[in-house]
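> predicted model and sequence follow; I will ask about them next.
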Amino acid sequence: MVNGRHLRFLAWLFLLGFVSTAFVIYVLWKGPATGRFTGAREFQSGENRCLRLFNPWIQTGNRHEFERTAKDSQDTNASHFLSESTTGNFDGYRCILENRTLSMKCDTCALVSSSGQICGQNKGSEIDRTDCVFRMNAAPVKGFEMDVGQKTSARIVAFNAFGLSLKAWNQGMKFIVWTNNRPQDIKHVVLYAKSNKNRDICMSTKEYIQRMDKLFEEETNHSRYASHTWLSTGWFAFDLLRHMCSSTRIYGMIPPDFCKKKNQPRGPYHYWDKTGDECDVYLSNEKSATGSHRFLSEKIIFARWAVASNMSFHTPEWDPKDYTNTRVTQFV
């Protein structure tokens, strides 16, 4: 027989279940926060067509693993999974199944960033007219073709976004994966490539990652390890395209001082994600003392590379020559 005590217990269970379900529905409706920042602003779907309700593909990874990852990058002979680099179009990456240097026939290139700045700009057909279109990580195309185009020649993918980015793979696309030289990350990518032989997957060499760490120090006068800095996927994309393409158009990348100016058209960090102010993410990371990207400092470097490598910026349009004398001084 059910007495009053049992009824109260069942009522509490029902209430707890109702509250939990309501909370889950609320989180799914709002969408997860993107990036490490505070004071995020929500961009309503009515502001432009990119910001519709979408199931966000959020890059995962634990930045607090920085010190261990950095040590592996320096000390571990992780490249034993692949042969050493030889001559080729770009010797920083080797394609796993054919054991060859990355090679692509590209004259004109487009690099489509993940920024919400590209929303509503109708650049899709212009992007598709270039020889090679490069995208980063899992940035979606379907549903956003008018602004980001349809063609994808290659995706430049971070090791900790590899699994998620596979959802965006399609026939004929190259996957160009950079790692931090940790054996477990390299082994994961190699084993996947060998068990999925219809997918062209190329991966960074140990020597190339070491070159990038040295290049960062030369460009910023900061050690990547001592400054607790993660290089962004944008860094690897820029370095690849400045060597591989005769000319490159970059879409959706703001200039280095954009977030410090007033009355700028702010947008979301990702064009497919409903929440997260891009500048909030950038400024928070720039000031962080532990395991962060230095997005704005990188853009100063990108501007110098762009001038030397026939690269131009669109949506928004800005002249990289305006920043050639700007130097990275400090992060925090």
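Looks like it came in fine. All values reported here derive from a predicted model rather than from experimental measurement. Residues are numbered from 1 along each chain as shown.
> report the contact partners of Thr248.
Thr248 makes contact with 108-111, 241-242, 309-312 under the criterion Cβ atoms under 8 Å, 6 or more residues apart in numbering. (Glycine included, C-beta is placed from N, CA and C.)
> whichever of those residues end up buried, select them in ChimeraX.
Listed next is the ChimeraX selection for buried residues among these, using 16 or more other Cβ atoms under 10 Å:
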select :109,110,111,241,242,309,311
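> dump the contacts of Thr248 to CSV, plus secondary structure and pLDDT.
Below are those laid out as CSV (DSSP: H, G, I helix; E, B strand; the rest coil; pLDDT from 0 to 100):
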residue, secondary structure, pLDDT
Thr108, strand, 96
Cys109, strand, 97
Ala110, strand, 98
Leu111, strand, 98
Leu241, helix, 96
Arg242, helix, 95
Ser309, coil, 95
Asn310, coil, 96
Met311, strand, 98
Ser312, strand, 98
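> between the contacts of Thr248, which sits nearest Gly267?
Leu111 (17.6 Å; Cβ to Cβ).
> I'd assumed Leu241 was in contact with the closest one.
Yes - with contact defined as Cβ atoms under 8 Å, Leu111 and Leu241 form a contacting pair (5.8 Å).
> which neighbours do those two share?
Common neighbours of Leu111 and Leu241 (Cβ under 8 Å, 6+ apart) are 134, 248.
> any chance you could map the helices in the stretch 201-332 of the chain?
For the stretch 201-332 of the chain, applying DSSP state H, counting those that start in this stretch gives helices covering 206-220, 233-244, 278-287, 295-308.
> what's the angle from the third one to helix 295-308?
Pointing back at helix 278-287 there. Per axes from the mean of the first three to the mean of the last three Cα atoms, to 10 degrees, the angle that helix 278-287 makes with helix 295-308 is 100 degrees.
> contacts only, for Ile201.
95-97, 174-175, 177, 189, 192-193.
> neighbour-wise, which of the residues you listed leads?
Most neighbours among the contacts of Ile201, by other Cβ atoms under 10 Å: Val177, with 26 neighbours.
> save the helices of the stretch 201-332 of the chain as a markdown table, and put in distance to Ala154 too.
A markdown table is the format used below for the helices of the stretch 201-332 of the chain (distance: least, Cβ to Cβ, whole Å):
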| stretch | distance to Ala154 |
| --- | --- |
| helix 206-220 | 16 |
| helix 233-244 | 9 |
| helix 278-287 | 24 |
| helix 295-308 | 19 |
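> mean pLDDT for those: which is lowest?
Among those, helix 278-287 has the lowest mean pLDDT, at a mean of 89.
> of the contacts of Ile201, closest to Cys259?
Nearest to Cys259, judged by Cβ to Cβ, of the contacts of Ile201 is Val177 at 29.5 Å.
> give the bridge partners for that closest one, please.
Following DSSP bridges, Val177 is listed with bridge partners Val157, Met203.
> repeat that for Val112.
With DSSP bridges as the rule, Val112 is bridged to Arg135, Tyr251.
> sorry, back to before: tell me the one of the contacts of Ile201 nearest Arg294?
The closest of these, once distances to Arg294 are taken by Cβ to Cβ, is Val177, at 21.6 Å.
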